[in-house]
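Student: Task: produce atomic coordinates for the following.
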Amino acid sequence: MGDKRSQLKPKQKQARESEQRNVSSSGKTANRLEGRSFLYVGGRDCQVAHLRQIASSHGAELIHHDGGLREAVSRIDNILPSVDCVFCPIDCISHDACLRVKTGCKKWGKAFVPLRNGSKSSLERAFLDLKASRNSAG
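Tutor: Below you'll find the predicted structure:
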């Protein structure tokens, strides 16, 4: 089956090299996520520190809500107005929390990004996709 870690590294390296080329060719920072905040609802508690580190590497802040395990699901309503985008790993979130996030995102006009799973690589891919779409739009 092979080692999946070795398969991810070339893709990440290629994305970083492409980003560095964008920075050097434009003469200004191509990091359009700098200073933005993101809400991550659900996932695995043991990965939160790693997920925050990924967000930080893109110049963004990551706020985590556990999706109702220990924190009240209603707290999501208070956080949504202050973030730019919401990530939800569809394999690690309650139906109630997911519905609340989707409804709140529509209400506040926030981007809702469902992630295939709660892995670190899913979040990394989502950030790279957001950067790519922002760079092509601007």
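Student: What segments of the protein are helices?
Tutor: Secondary structure of the chain, counting by DSSP state H: helices at 4-26, 48-57, 75-79, 95-108, 120-137.
Student: Is it correct that His64 is in contact with Ala55?
Tutor: No. Counting by Cβ atoms under 8 Å, Ala55 is not a contact partner of His64; they are 9.9 Å apart. Backbone N, C-alpha and C define where each C-beta goes, glycine included.
Student: what do these two both touch?
Tutor: Between them, His64 and Ala55 share no contacting residue under Cβ atoms under 8 Å, 6 or more residues apart in numbering.
Student: Pull up the gap between Ala126 and Ile90, please.
Tutor: 12 Å (Cβ to Cβ, to the nearest Å).
Student: ok, those two, which is more surrounded?
Tutor: More neighbours surround Ala126 than the other of Ala126 and Ile90, with 20 against 13 (other Cβ atoms under 10 Å).
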